[in-house]
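Enquirer: Everything below, folded, please.
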Amino acid sequence: MKPNFKNGFNFTLLSLALVLSFGACTKKNDNHDPVERVNDTTIKIYSEGLKNIQRSKAAISDFPELLYLMGKVGVTEDRTTIVPARVSGRTETINFSSGEFVKQGQVLMTLFSPDFVAAKEEYLQALKQSKTPTGTADPSDFANLAQMSRKRLETMGLTAEDIQGLSETNAKESMLTIHSPRNGVIMAKNAALGNLVNVGDTLFTIGDLSHVWFTGDLYPEDLPKIKKNQKVVINVEGLNKPVFGKVSFISPLVDPTTRSIKIRALMDNPNGYLRQDMYVQGSVTLTEKKSLLVPATAVVRDPEGDVVYKRLDPQTMENTPASLQFQKVPVKVSAIQGGMAAISEGLQEGDEVVSQGALLLDGVLNEAEDSK
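Expert: Numbers count the residues shown, from 1 in each chain. This next block holds a predicted model:
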């Protein structure tokens with residue numbers, strides 16, 4: 001059936017635009033236009049147009065209520081270690097720079113330290129005399145002295161293996177080696193060649209980035225929705241899967257600059273992809289629920305409300321039917337996220353809708369109505 005329009009020429013042009021806009025190269029049947037208006041709310045699409053639109057079925061699926069927020073990646077405080085100077089001296093060598101990965105036990109730097117040289121010689125001398133005492137000296141006195149000297153070396157940062165390796169053959173060695181206390185990334189390097197350092201000076205800051213904190217900015221009106229242990233997801237460009245965590249901390253303070261409240265979640269860091277101070281978008285799962293979903297592209301913003309184009313003859317199962325009719329149906333959209341729209345009214349599970357091309361159909365139908 002072909003409708004009678006006052007301006008059929010415009011409608012034909014729009015019909016052709018529908019086909020051409022999807023890159024159709026098929027030849028139009030001479031007996032009808034690719035698209036026909038059946039009535040005020042229904043449109044018929046012939047095979048020329050059907051090949052170039054996409055259709056989807058409304059389905060019930062998981063559709064959690066999410067709260068999106070921006071945040072920043074940071075190293076966790078309990079996985080951050082400061083490497084201090086435990087003895088005064090002068091920096092002789094530095095083996096690593098900021099941003100480099102180090103393993104536990106690797107030599108970070110060496111110091112020339114007169115205090116270390118004196119403590120080392122005292123320990124070696126006391127150890128020697130405890131084994132081969134001279135005169136009437138009690139060997140236990142030298143053993144006690146050796147133990148005290150050993151404790152002093154330990155306070156300077158020497159490990160049991162370092163002390164075990166001390167011997168008279170290297171007694172003249174005056175360099176104190178400083179080792180990395182853990183695996184991690186050098187977050188900050190304060191040591192510089194030739195600098196004099198004092199006891200307590202920070203030489204390096206090392207952070208373990210195998211797990212990181214996501215710290216998000218929450219605005220006060222959303223605070224009642226957030227609770228500890230809610231699931232947090234961050235999607236990072238370059239990673240083929242999201243990163244999961246749980247809310248572990250909700251700040252009792254308001255940031256005076258952003259007027260936001262900080263929340264924090266501990267996240268795994270697959271392959272070390274997440275970097276310190278990286279800005280990412282996260283989402284907090286407020287409630288888990290199911291909804292009737294269609295692609296968000298199926299929903300057309302009509303002046304009178306949201307609509308979709310629903311197939312009227314779903315019993316026709318041919319892959320390439322001669323034609324199909326689609327009706328403009330008002331719907332109520334409860335939420336849109338992740339490219340999907342949750343429909344609370346207007347559709348049922350299994351209804352088939354136009355998911356790509358609905359906006360063009362709406363334009364054709366409206367133009368046809370205006371041209372009557």
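
Enquirer: which stretches of the stretch 51-200 of the chain aren't confidently modelled?
Expert: Within the stretch 51-200 of the chain, the ranges that satisfy pLDDT under 70 run 132-142, 167-173.

Enquirer: Which parts of it are strands?
Expert: 54-57, 59-62, 65-75, 80-84, 89-94, 101-102, 107-112, 175-179, 184-189, 196-197 (DSSP state E, counting those that start in this stretch).

Enquirer: Identify whichever of those lies nearest to residue 334.
Expert: Between residue 334 and those, the shortest gap by CB to CB is with strand 65-75, which sits at 9.7 Å. C-beta here means a position set from N, CA and C on the backbone, and glycine is covered the same way.

Enquirer: Please name every helix or strand in contact with the closest one.
Expert: Strand 65-75 is packed against strand 211-218, strand 279-287, with contacts defined by 3 or more CB pairs under 8 Å, 6 or more residues apart in numbering; DSSP states H and E.

Enquirer: Can you get me a residue count around residue 299?
Expert: Residue 299 sits with 20 neighbouring residues when counted by other CB atoms under 10 Å.

Enquirer: Residue 298 now?
Expert: 28.

Enquirer: closest to residue 357 out of the strands of the stretch 51-200 of the chain?
Expert: strand 54-57 (6.8 Å).

Enquirer: quick one: the closest one to chain centroid distance?
Expert: How far strand 54-57 lies from its chain's middle: 31 Å, per CA atoms, centre = their mean, to the nearest Å.

Enquirer: And for stretch 91-111?
Expert: So, by CA atoms, centre = their mean, the centroid of stretch 91-111 is 30 Å from its chain's centroid.

Enquirer: List the contacts of that stretch.
Expert: If you take CB atoms under 8 Å, 6 or more residues apart in numbering as the criterion, stretch 91-111 is touched by 83, 85, 87, 89-90, 112, 175-189, 191-197, 203-204, 206.

Enquirer: out of those residues, which are buried?
Expert: Neighbour-count burial (16 or more other CB atoms under 10 Å) is assigned, among these, to 83, 85, 87, 89, 176-181, 183-187, 189, 191, 197, 203-204, 206.

Enquirer: tell me the centre residue of the protein?
Expert: residue 234 (3.6 Å; CA atoms, centre = their mean).

Enquirer: host element of that one?
Expert: strand 231-235 (DSSP states H and E).

Enquirer: Which elements pack onto that strand?
Expert: strand 211-218, strand 243-250, strand 261-268, strand 279-287.

Enquirer: Just put those strands in a markdown table and tack on mean neighbour count and mean pLDDT.
Expert: Formatted as a markdown table, these follow (neighbours: other CB atoms under 10 Å; pLDDT from 0 to 100):
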| stretch | mean neighbour count | mean pLDDT |
| --- | --- | --- |
| strand 211-218 | 21 | 94 |
| strand 243-250 | 16 | 94 |
| strand 261-268 | 20 | 94 |
| strand 279-287 | 17 | 91 |
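
Enquirer: Show me the one of those that comes nearest residue 61.
Expert: Evaluated over those, closeness to residue 61 peaks at strand 279-287, with 15.0 Å, by CB to CB.

Enquirer: So which residues of this structure form helices?
Expert: 8-21, 47-50, 114-131, 139-155, 160-164, 358-370 (DSSP state H).

Enquirer: rewinding a little: reformat the helices and strands packed on strand 231-235 as CSV; add distance to residue 105.
Expert: Formatted as CSV, those follow (distance: least, CB to CB, whole Å):
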stretch, distance to residue 105
strand 211-218, 21
strand 243-250, 30
strand 261-268, 25
strand 279-287, 33
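
Enquirer: Next, the contact list for residue 122, please.
Expert: Applying CB under 8 Å, 6+ apart, the residues near residue 122 are 145, 149, 152.

Enquirer: and residue 117, how far is that from residue 298?
Expert: 79 Å (CB to CB, to the nearest Å).

Enquirer: what sits opposite the residue nearest to the centre of the chain in the beta ladder?
Expert: residue 243, residue 282 (DSSP bridges).

Enquirer: same check, this time on residue 290
Expert: Those that pair with residue 290 in a beta bridge, by DSSP bridges, are residue 62.

Enquirer: can you count the residues close to residue 207?
Expert: 20.

Enquirer: Enumerate every residue touching the residue lying closest to it once chain neighbours are set aside.
Expert: In this structure, residue 207 finds its nearest non-sequential neighbour in residue 75, 3.6 Å apart by CB to CB, 6 or more residues apart in numbering. When contacts are counted by CB under 8 Å, 6+ apart, residue 75 touches 187, 207-209, 212-213, 276.

Enquirer: swap in residue 313?
Expert: By CB under 8 Å, 6+ apart, the neighbours of residue 313 are 324-325.

Enquirer: Could you check how far it is from residue 72?
Expert: Separation of residue 313 from residue 72 (CB to CB) stands at 53 Å.

Enquirer: Please apply the same query to residue 122.
Expert: Distance from residue 122 to residue 72, by CB to CB: 50 Å.

Enquirer: related to what we said a few turns ago, check whether the residue nearest to the centre of the chain really touches residue 215, as I assumed.
Expert: No. In this structure, residue 234 is not within contact of residue 215 by CB atoms under 8 Å, at 11.2 Å.

Enquirer: Could you name every residue contacting both of those two?
Expert: residue 71.

Enquirer: Give me the angle between the strand holding residue 234 and strand 65-75.
Expert: Note on geometry: by axes from the mean of the first three to the mean of the last three CA atoms, to 10 degrees, strand 231-235 and strand 65-75 are set 70 degrees apart in direction.

Enquirer: Which residue comes closest to residue 192 once chain neighbours are left out?
Expert: Nearest one to residue 192, counting by CB to CB, 6+ apart, is residue 91 at 6.4 Å.
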